[in-house]
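S.K.: got a predicted model here, sequence first, then my questions.
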Amino acid sequence: RNTDYERFNSRLASNFRFVDGKVRVGESISVNHWLEHLNPSGIEELVIAQHPAIPVYDENGGYAGGYVDILGDKPNAVRLTDNEADNRHKSWRIFGSAYLEVEPIKNLVLKSQFGLNYTTGFNSTFVPKWSEADRKVDINELTVRQDNSVQWVWSNTANYSIELGKNNISAVIGTEAKKENGEHLQGYGRGLVIEDLDYRYLDTVTEGKSVSNNASTYAMVSYFGKVNYAFDDKYLISGTVRRDASSRFGKEAEGALKMGGLAWGIFPSVSAGWIVSSEEFMKDIRFLDFLKLDVSYGLSGNDDLQNYATRSYFNSINFMGSANGLILANYKNDKLKWETTGKAKFGVDLSMFNNRWSVRADFFTSTTKDLLIRKQLPETSSLEYSLTNDGKLKNKGFEIATNIRILNLRSWQLDFGAMLGHYKNKIVSLAGGS
């Protein structure tokens, strides 16, 4: 009741080739617009909990409900949905990417790609005066908010591959930059003299006026390189290294590579594989179609924390409704750095009986150090906590997945799949070395 959702979608995609296919250009972009009237929060649970003997309307045509007796005092669900009928919720989204690919010489491909995600949303929520039996609210209220978000990613890579007899080599180097910016603006007020739809604007509120506005920005830049080597399509080696800098960390991060005014995290990884089923001594094993063993070790970083954790900043506050001021909201920590996880893994991949039974098993162990945690502060600091790097945890376990094709007919197939996993986490140390 009084809820709906309308959406307009459009999409454009194209690819072009020039200079005998050595220059390639393309893009994919979608534009979406939607309007909606929302369900009041918790309406589904309310309808279930509402006693069926309570009428929707009273004898005077007003909303019934609000009886504090054995029938309960749940609010009238129809009134709540009627309140939503003329509220406005509308959004736009532009999402897409474009690329340029050039092959200047044989086996070398240069590529630049830019992606964009832009969203904007407007919401106007009005709660009119209302009454239900002996319950009454004699003042209305209006909340209006606007949210904008822009996210972009720009990557540039150079990819080279070559085959020399039984040797197959490929390498890629590149850089990637991304940025996210969001802004929120909200106004609130009460006491609209006229509740008509044409007057539901913040200019018409008469009391309780307030406005809030905030923004947040996040940026990251990365440089990376990867080399893959295969010999005789049986022996595989791969190595990767990344250098990442995040705006969420301080410039004085301990142990980080400091360059260009940024503190960089270095994350290498290496892996090796052996396709055992391609060996001559495996040819007589008829039921086995594929068998591969692989091992890997790598470092990865985590920057999942608030955007301005490394800075000191203040929030505005109203004291007892009569005075405005500022209060310390965060204490800076220029030494914040990446939370780092080192993970070692051994895996087995096999397929049997004309690929009708496959199994993948992974056994792993990892250690995470320099955990991004909230550290309790003394009461005299006026803050409850500050973010810091401290603590260590270990994780180990295994995952085994299998799939069996029971029936393989021309028109349809029947598969059975199952997965088994075991994980064990151990906190080695907490904040302060405990």
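M.R.: Perfect, thanks for sending it. Numbering: from 1, shown residues only.
S.K.: so which residues of the protein form helices?
M.R.: Applying DSSP state H to the chain gives helices spanning 43-49, 77-84.
S.K.: want to throw these into CSV with mean neighbour count, distance to N330 and mean pLDDT?
M.R.: Just so you know, the C-beta spots here come from the backbone N, C-alpha and C atoms, and that holds for glycine as well. Below are those laid out as CSV (neighbours: other CB atoms under 10 Å; distance: least, CB to CB, whole Å; pLDDT from 0 to 100):
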stretch, mean neighbour count, distance to N330, mean pLDDT
helix 43-49, 12, 36, 80
helix 77-84, 18, 37, 86
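S.K.: those: which one's closest to K369?
M.R.: Closest approach to K369 among the helices of the chain (CB to CB): helix 43-49, 43.3 Å.
S.K.: in this structure, which ranges drop under the pLDDT threshold?
M.R.: Low-confidence segments of the chain, defined by pLDDT under 70: 66-72, 320-321, 379-382, 432-434.
S.K.: quick check: the most centrally placed residue in it vs N156, distance?
M.R.: The centroid of the chain falls nearest to D304 when counting by CA atoms, centre = their mean (10.3 Å). Distance, D304 to N156, by CB to CB, to the nearest Å: 26 Å.
S.K.: hmm, back to that, ok, which of the helices of the chain comes nearest I427?
M.R.: Nearest to I427, of the helices of the chain and by CB to CB, is helix 43-49 at 36.7 Å.
S.K.: any idea how far the closest one is from the chain center?
M.R.: 30 Å (CA atoms, centre = their mean, to the nearest Å).
S.K.: could the helices of the chain go into JSON lines alongside distance to G191?
M.R.: Shown next, in JSON lines, are the helices of the chain (distance: least, CB to CB, whole Å):
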{"stretch": "helix 43-49", "distance to G191": "27"}
{"stretch": "helix 77-84", "distance to G191": "17"}
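S.K.: of those, which is nearest T206?
M.R.: Nearest to T206 among the helices of the chain is helix 77-84; the distance by CB to CB comes to 19.9 Å.
S.K.: and for that closest one, what's in contact with it?
M.R.: Contacts to helix 77-84, defined as CB atoms under 8 Å, 6 or more residues apart in numbering, come from residues 1-3, 37-40, 43, 46-47, 50, 56, 63, 65, 126-128, 130, 132.
S.K.: ok, now stretch 36-46?
M.R.: Against stretch 36-46 from outside (CB under 8 Å, 6+ apart): 2-6, 74-75, 77, 80-81, 83-85, 87, 89-90.
S.K.: do the same with stretch 117-136
M.R.: Stretch 117-136 has contacts (CB under 8 Å, 6+ apart) with 58, 62-67, 75-76, 79, 83, 86-95, 137-152, 192, 195, 200.
S.K.: how long is that stretch end to end?
M.R.: For stretch 117-136, the first-to-last residue distance is 45 Å (CA to CA, to the nearest Å).
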